[in-house]
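Q: No letters, just coordinates:
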């Protein structure tokens, strides 16, 4: 493994990239500020750190193509009835269920090929809609607002997270909830060997400070009930 810490503003961001031939010319994909700086080069890929929202980003020149992404996702075997997968999802389901009124209608945004999360909420008495650009692409469900929206293991894949967070804000009713689960990036000294970084479809890594910035930006109330879970309440 090749690891190189980046200390100054130099190379990155364009197609056909290498970690030494591109320029920092684009804004942060999360907060759209122009405060990106090189953070670390690992195995020929450059990662950037935003000075405003503290997100860590893979430089766009290293993203997989849509076809390559789809091939990786099709390897996932997340079955709705798998008890291990349900236990994993319960990190978000438990805290969010405690916030919901009986019969609240939810949307699982980025449900994947096996919508286990939607099944868990439906079993608890909450009707669910699902959306996934690869596996459940029916966009009609995006034409209404919901009492709650969930995104589990989704936001780290987003090539345009700022745009998607604006969409999520519109999908949540005033007073409703947005629940996000993703591995928080909080140990820079372990970033190069971190299992989450090694997934080639993971291009955005969020710190708790990143979610605090998003909450302030959108006027959401933020709770972090447990590791890797962020709950946002949209003010009524």
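A: Thanks, I have the structure now. None of the values given here were measured: they were computed from a predicted structure.

Q: Excluding chain neighbours, give the residue nearest to residue 200 in space.
A: Closest residue in space to residue 200, ignoring its immediate chain neighbours: residue 64 at 5.7 Å, by C-beta to C-beta, 6 or more residues apart in numbering. Using the backbone N, CA and C atoms, a C-beta is placed for each residue, glycine as well.

Q: top strand in the protein by residue count?
A: In the chain, assigned by DSSP state E, the strand with the most residues is strand 172-181.

Q: Off-centre distance for the helix or strand just after that strand?
A: Next in sequence after strand 172-181, counting helices and strands by DSSP states H and E, comes helix 195-198. Taking C-alpha atoms, centre = their mean, to the nearest Å, one finds the center of helix 195-198 at 14 Å from the center of the full chain.

Q: where along this protein do the helices fall?
A: In the chain, the helices defined using DSSP state H lie at 66-73, 83-97, 116-123, 161-171, 195-198, 208-218.

Q: Mind telling me which of those helices the model trusts least?
A: The stretch with the lowest mean pLDDT among these is helix 66-73, at a mean of 85.

Q: Now that helix: buried residues?
A: For helix 66-73, the neighbour count (16 or more other C-beta atoms under 10 Å) marks residue 69 as buried.

Q: Worst mean pLDDT across the helices and strands of this structure, which element?
A: strand 3-5 (a mean of 48; mean pLDDT, DSSP states H and E).

Q: which intervals of the chain have sub-threshold pLDDT?
A: 1-24, 76-78 (pLDDT under 70).

Q: Pull the contacting residues for the residue nearest the centre of the chain.
A: Geometric centre of the chain, nearest residue: residue 155, 1.2 Å, by C-alpha atoms, centre = their mean. Shown in contact with residue 155 (C-beta atoms under 8 Å, 6 or more residues apart in numbering): 161, 164, 180, 182, 204, 206.

Q: still on that earlier bit, make JSON lines from the helices of the chain and add distance to residue 48 to it.
A: Formatted as JSON lines, the helices of the chain follow (distance: least, C-beta to C-beta, whole Å):
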{"stretch": "helix 66-73", "distance to residue 48": "20"}
{"stretch": "helix 83-97", "distance to residue 48": "28"}
{"stretch": "helix 116-123", "distance to residue 48": "30"}
{"stretch": "helix 161-171", "distance to residue 48": "13"}
{"stretch": "helix 195-198", "distance to residue 48": "13"}
{"stretch": "helix 208-218", "distance to residue 48": "13"}
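
Q: Thought residue 70 was touching residue 134, still the case?
A: Yes: if you go by C-beta atoms under 8 Å, residue 134 and residue 70 touch, sitting 5.7 Å apart.

Q: picking up where we left off before, give me the angle between the longest strand of the chain and helix 208-218.
A: Strand 172-181 runs at 170 degrees relative to helix 208-218, counting by axes from the mean of the first three to the mean of the last three C-alpha atoms, to 10 degrees.

Q: Can you list the buried residues in strand 172-181?
A: Buried, per 16+ other C-beta under 10 Å, within strand 172-181: 172-173, 176-181.

Q: again with stretch 218-229
A: By neighbour count on 16+ other C-beta under 10 Å, the buried set for stretch 218-229 is 218, 220, 222-223, 228-229.
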